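1. Sequence first, then the predicted structure, then my questions.
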Amino acid sequence: MTQMARLPRWADLLVLPLFNLAVALLVAGAVVALVGQSPVEVLTALVKGALGTPRGVSYTLYYATTFVFTGLAVAVAFHAGLFNIGGEGQALLGGLGAGLAALWLSASLPAWVMLPFMLLCSVVFGMAWALVPAYLQAYRGSHVVITTIMFNFLASTLLVYLLVNKLEAPGAMAVESAVFSDSAKLPSMHQMLEWVGVEWPSSPLNASVFIAVAAVVGVYYLLWHSRSGYRLRVVGASETVAEYAGIHGRRQIMLAMAISGGLAGMVGMNEIAGVSGRLLLDFVAGAGFTGIAVSLMGRNHPVGIVFSSLLFGILFQGGAEVAFEVSGFTRDMVVTLQGFIVLFSGAMAYVAAPWLGRLLALRGGAGKEVRRG
């Protein structure tokens, strides 16, 4: 049995992420001090910028919504024993699907038909883009990590080609599509709150946050309260055991990647239907890769992903405010701070696990001795 296996589940889900976050903040604070800035001032500005005002909270939740989609996409594939690096491309294709539906039909369909159809298209396009690497992994032996990375570049190239040659708005200087009709635009949060008499500052936060909540609940139910989710997790634990139990591993690979791609595709609803109201280049802006760190920090659990998405939302929104408010603190320094969080919470997530396991074992042993006495 490995040292990581001796770490209790509650410690793995709660203590280890908090410890990694604390280490990341300490290292980041030391780097901030080395460049001549005050760590307390920077951290205060970051927290205040992300959570200190209604507008800051709205921006934080807006970023977190996107990270929930991409984090869940990584988590579902992970539970099937797959490492889906293709969230970026699948989100691009999801946005393309939603954008095409809006460009072709929004002028003739009401919002109550148009918006669900756009959501369906975003899911289907994301699924379709993920199913090709899934098929290559399941039936041709091509590793899903390699193929999904390649498909990210293919998705970006396809979107560039379509926007430049087929979908660009006539007379536009920027590479973007025409503006959608109003029926293809999700209501913003401040609009929805106005309907019930609550004043709220304008921000990109929109109704897709409720889609994200539904996705979290749906993924949790799928993975831990359904037969399909159980079969998927069995395959992820041991494909050999799964085959012995009569579970077809190849089918589960296809299913997991399809769901994963569909979840990533929902990013298009937040960015295309909720904010820009048109199809843009690179609207995902790296969220597919950030979703990997979000999922790892959230221990591939939907609830954990919600909290890690909020953390990354705070980092993105608060980091922008730090670069604006703190004199001499550049955007590059903000990216460096975010990188430390990703490094310690994602790539080095289990480095401290053996030591924490030993510490908890010693503490448990001491507790037993006291009880015996």
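-> Thanks, I have it.
2. Helix, strand, or coil at F340?
-> Of the three states, F340 takes helix according to DSSP: H, G, I helix; E, B strand; the rest coil.
3. roughly how far apart are the closest residue to V209 other than its chain neighbours and R251?
-> Take V209 and drop its neighbours on the chain: the residue closest to it by Cβ to Cβ, 6 or more residues apart in numbering is T65, 4.8 Å away. Bear in mind the C-beta positions are built from the backbone N, C-alpha and C, glycine included. According to Cβ to Cβ, to the nearest Å, T65 and R251 sit 31 Å apart.
4. again, but for A80
-> 11 Å.
5. Look at those two and report which has more neighbours.
-> A80 (29 against 13; other Cβ atoms under 10 Å).
6. Which residue comes closest to the more buried one once chain neighbours are left out?
-> A256 (3.5 Å).
7. Centre of the chain to stretch 139-157, how far?
-> 19 Å (Cα atoms, centre = their mean, to the nearest Å).
8. Any buried residues in it, and which?
-> 144, 147-148, 151-152, 154-156 (16 or more other Cβ atoms under 10 Å).
9. ok, now stretch 181-197?
-> 181, 183-186, 188-190, 192.
10. Which strands or helices does the longest helix seen in the chain pack on?
-> In the chain, taking DSSP state H as the definition, the longest helix is helix 111-140. In this structure, helix 111-140 packs against helix 87-105, helix 144-162, helix 249-265, helix 267-268, with contacts taken as 3 or more Cβ pairs under 8 Å, 6 or more residues apart in numbering; DSSP states H and E.
11. how does it look with 6 Å?
-> Helix 111-140 is packed against helix 87-105, helix 144-162, helix 249-265, with contacts defined by 3 or more Cβ pairs under 6 Å, 6 or more residues apart in numbering; DSSP states H and E.
12. Buried residues, that helix. List them.
-> Result for helix 111-140 [16+ other Cβ under 10 Å]: buried residues 111, 114-115, 117-119, 121-138.
13. One more: stretch 15-26?
-> Of the residues in stretch 15-26, 15-17, 19-21, 23-25 count as buried by neighbour count, 16+ other Cβ under 10 Å.
14. Does the residue nearest to V209 belong to a helix, a strand or coil?
-> helix.
15. Give the ranges of residues in this structure that sit below the confidence cut-off.
-> Applying pLDDT under 70 to the chain flags the ranges 1-7, 345-350, 363-373.
16. Run a quick neighbour tally on the residue nearest to A80.
-> 28.
17. I'd say it and V234 touch.
-> No. If you go by Cβ atoms under 6 Å, A256 and V234 don't touch, sitting 11.7 Å apart.
18. What's the end-to-end length of stretch 100-115?
-> 12 Å (Cα to Cα, to the nearest Å).
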